[in-house]
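[1] Model the following, please.
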Amino acid sequence: MDTANYHPGRLLAISGGFWQASALHAAVKLDVFSVIADGAGLAEEVAAAIDAAPRAVSMLLNALTAMGLLQKVDDVFANTEESRQFLVRSSAEYIGYIVGHHHYLVSGWNRLDEAVRNGQPVSRQTTFDDPDVRRNFLMGMFNIGSLLAPQVA
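    The predicted structure follows:
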């Protein structure tokens with residue numbers, strides 16, 4: 001990494017990088033991209049499909065648009081080619097499970113300062129007793145394997 005280019009703007013971009021990750025995690029967990037692929041394009045339609053608050057869904061969809069993961073024309077949201085390819089659950093190239101796995105890792109990483117200070121883990125390993133945690137881990141490993149297999153072969 002080129003350390004000569006560090007400046008407040010770059011440091012703040014690194015510091016706030018979790019905002020984009022959080023928006024992506026929420027959208028994948030709520031299956032927003034699949035709902036949009038199924039035809040819901042208005043924020044109110046997406047909100048109804050995922051049983052969520054319309055105003056909050058609108059803010060999430062606008063954030064995803066600002067990130068380049070959705071397109072918006074007037075008040076209608078649509079997937080980009082990349083979100084359709086990688087974030088719609090029915091796609092053969094769906095990577096949402098590994099994104100979901102990353103979601104469950106955030107809480108531990110958020111306490112890294114405590115682990116460094118104590119030299120001890122700050123929380124127990126994410127429990128596989130939770131079926132969602134287990135599914136995201138196992139299918140996330142499948143996502144990674146599917147991406148790497150063609151290169152290995």
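[2] What segments of this structure are strands?
    For the chain, strands defined by DSSP state E occupy the ranges 70-73, 76-79.
[3] Pick the most buried one from the ones you listed.
    Of the strands of the chain, the one with the most neighbours on average (mean count of other CB atoms under 10 Å) is strand 76-79, at a mean of 18. For glycine as for every other residue, the C-beta is placed from the backbone atoms N, C-alpha and C.
[4] closest one to residue 112 among the strands of the chain?
    With CB to CB as the criterion, residue 112 lies closest to strand 70-73 of the strands of the chain, at 31.2 Å.
[5] Now do that closest one: distance to the chain's middle.
    Its chain's C-alpha centre lies 18 Å from the corresponding centre of strand 70-73 when counted by CA atoms, centre = their mean, to the nearest Å.
[6] Quick check: phi and psi at residue 95.
    phi -120, psi 20 (degrees, to the nearest 10).
[7] That one touches residue 89, doesn't it?
    No. Under the criterion of CB atoms under 8 Å, residue 95 is not in contact with residue 89, lying 10.5 Å apart.
[8] Just the pLDDT for residue 120.
    Residue 120 is assigned 90 on the pLDDT scale.
[9] Quick check: it vs residue 88, distance?
    For residue 120, the distance to residue 88 (CB to CB, to the nearest Å) stands at 41 Å.
[10] Show me the contact partners of the helix ranked longest in the chain.
    The single longest helix within the chain, with elements called by DSSP state H, is helix 131-152. Contacts to helix 131-152, defined as CB atoms under 8 Å, 6 or more residues apart in numbering, come from residues 93-104, 126-128.
[11] Now list the buried members of those residues.
    The neighbour count (16 or more other CB atoms under 10 Å) marks 94-104, 126 as buried among the contacts of helix 131-152.
[12] In helices only, show me those.
    96-104.
[13] Name the residues that touch stretch 41-59?
    For stretch 41-59, the external contacting residues (CB under 8 Å, 6+ apart) are 30-32, 35-36, 38, 40, 61, 75-78.
[14] Could you list the buried residues of stretch 53-72?
    By neighbour count on 16+ other CB under 10 Å, the buried set for stretch 53-72 is 57-58, 60-61, 63-64, 69-70.
[15] ok, so of these, who is nearest residue 8?
    Closest approach to residue 8 among these (CB to CB): residue 63, at 23.0 Å.
[16] Residue 23 is in contact with the closest one, correct?
    Yes. Residue 63 lies in contact with residue 23 (CB under 8 Å); the separation is 4.7 Å.
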